[in-house]
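Participant: Would you be able to build a 3D model of this:
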Amino acid sequence: MQARLLAKRFTETMGQPFVVDNRPGASGVIGADVVARAPADGYTLMIGTAQIAVSTLLLKKKPFDMLKDFAHVSLVSTAAQFMMLHPSVPARTVPQFVALAQKHPGQLNAGSSGTGSANHLALEMLKQAAAIDVAHVPYRSGAPSIAALIAGETALTFSGAVTALPHVRSGKVRALAVTSLKPVAAAPDTPTLASFYPGFESANWYAVFALGGTPTAIVNRLNGEIITALKAQDMRDFMRNEGAEAVGGSPAELEAYVRRELDRYAKVIARANIRIE
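Facilitator: Sure, this is the predicted structure:
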């Protein structure tokens, strides 16, 4: 949806149509590969995500390099994940859950939308930060992992605000924390994991990329359009409802951000010995 809002804004401000072409599959890698093979003229852009970046770390044969093959245009937004428990789990705070997991190592199940997914990595980061042993149960996608949590098949999962909040508000699941460094506007009373484990951050992010070699003038023009779009009230309202935060920033700032994310997740993946079969 963020891509569609930006495309609508670009069409209005630049006087030519921008079309959103969804290319699902392989956690976004298929769509990113299309952009990596397009002409470097600024006419083909990509909304890249943390999941695409993480996926490149897990692939043995890498179709592209996130740092070398793309022109970094602008960060668009970041969105926290919610750490959620089934109500039957006798823990109402993060320290209580950690104590429970330490008392029963390997006995609590944690679902995810798949091995190497953003919520799987959030789980691994928690396991590493809190020194706990929780059994990972990968599902085919986010929907069945949430269904499993609601049914009590798993004790824990991580999920974005759009999926998490309706179930939290209905009482079907319990939110213990968010993975962003700051509290989320949509749930300001939910603490951050960083408040228990300083520096803990596993937020999803969305950013605009063009092909590497795209002229600097075009990249800068696109960057300016994105910064302006993110100031619009309808965009900010949408972000808030999605549990996301509009960010923006320069091309250089986005490149530095992606580099830090790749370095951070590479360490988590190596320590957890995550492999895609």
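Participant: What number of neighbouring residues does Val89 come out with?
Facilitator: Using other CB atoms under 10 Å, Val89 is surrounded by 20 other residues. Just so you know, the C-beta spots here come from the backbone N, C-alpha and C atoms, and that holds for glycine as well.
Participant: What separation do you get for it and Lys60?
Facilitator: Plainly put, Val89 is 37 Å away from Lys60 if you go by CB to CB, to the nearest Å.
Participant: same thing with Ala110?
Facilitator: 26 Å.
Participant: Of these two, give the one with the bigger neighbour count.
Facilitator: For Ala110 versus Lys60, neighbours defined as other CB under 10 Å are more numerous around Ala110 (27 against 6).
Participant: what bridges to that one?
Facilitator: His136, Leu156 (DSSP bridges).
Participant: Burial check on the nearest residue to Ala164 once chain neighbours are set aside, number of neighbours?
Facilitator: Distances taken as CB to CB, 6 or more residues apart in numbering place Phe82 nearest to Ala164, at 4.0 Å, with adjacent residues excluded. The tally of other residues near Phe82 (other CB under 10 Å) stands at 29.
Participant: so Phe82, which of the three states?
Facilitator: With DSSP: H, G, I helix; E, B strand; the rest coil as the basis, Phe82 sits in strand.
Participant: Please name the residues that touch it.
Facilitator: Counting by CB atoms under 8 Å, 6 or more residues apart in numbering, Phe82 touches 158-161, 164-165, 168, 175, 177-179, 187, 190.
Participant: Could you say which of the residues you listed is surrounded by the most neighbours?
Facilitator: Most neighbours among those, by other CB under 10 Å: Phe158, with 30 neighbours.
Participant: Pretty sure Ser117 sits against Ile52.
Facilitator: No. Contact criterion CB atoms under 8 Å: Ser117 and Ile52 do not qualify, at 11.8 Å.
Participant: which stretches of the stretch 151-277 of the chain have low pLDDT?
Facilitator: Low-confidence regions of the stretch 151-277 of the chain, defined here as pLDDT under 70, cover residues 277.
Participant: All the helices of it, residue numbers only.
Facilitator: 161-170, 216-230, 233-241, 251-272 (DSSP state H, counting those that start in this stretch).
Participant: Using TSV, lay out the ones you listed together with distance to Lys8.
Facilitator: As requested, the helices of the stretch 151-277 of the chain are exported to TSV (distance: least, CB to CB, whole Å):
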stretch	distance to Lys8
helix 161-170	20
helix 216-230	9
helix 233-241	10
helix 251-272	22
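Participant: Arg9 reaches Ala229, doesn't it?
Facilitator: Yes. At 4.2 Å, Arg9 and Ala229 qualify as touching, with contact defined as CB under 8 Å.
Participant: quick one: average confidence on the strand ranked longest in the chain?
Facilitator: Counting residues, the longest strand found in the chain (DSSP state E) is strand 70-79. Strand 70-79 shows a mean pLDDT of 95.
Participant: What residues of that strand count as buried?
Facilitator: Buried positions in strand 70-79, judged by neighbour count with 16 or more other CB atoms under 10 Å: 70-79.
Participant: relative to helix 233-241, how tilted is it?
Facilitator: 60 degrees (axes from the mean of the first three to the mean of the last three CA atoms, to 10 degrees).
Participant: Strand 70-79 packs against which elements?
Facilitator: Here strand 70-79 touches helix 2-14, strand 46-49, strand 204-211, helix 216-230, strand 244-246, helix 251-272, going by 3 or more CB pairs under 8 Å, 6 or more residues apart in numbering; DSSP states H and E.
Participant: Now with 6 Å, please.
Facilitator: strand 204-211, helix 216-230, strand 244-246, helix 251-272 (3 or more CB pairs under 6 Å, 6 or more residues apart in numbering; DSSP states H and E).
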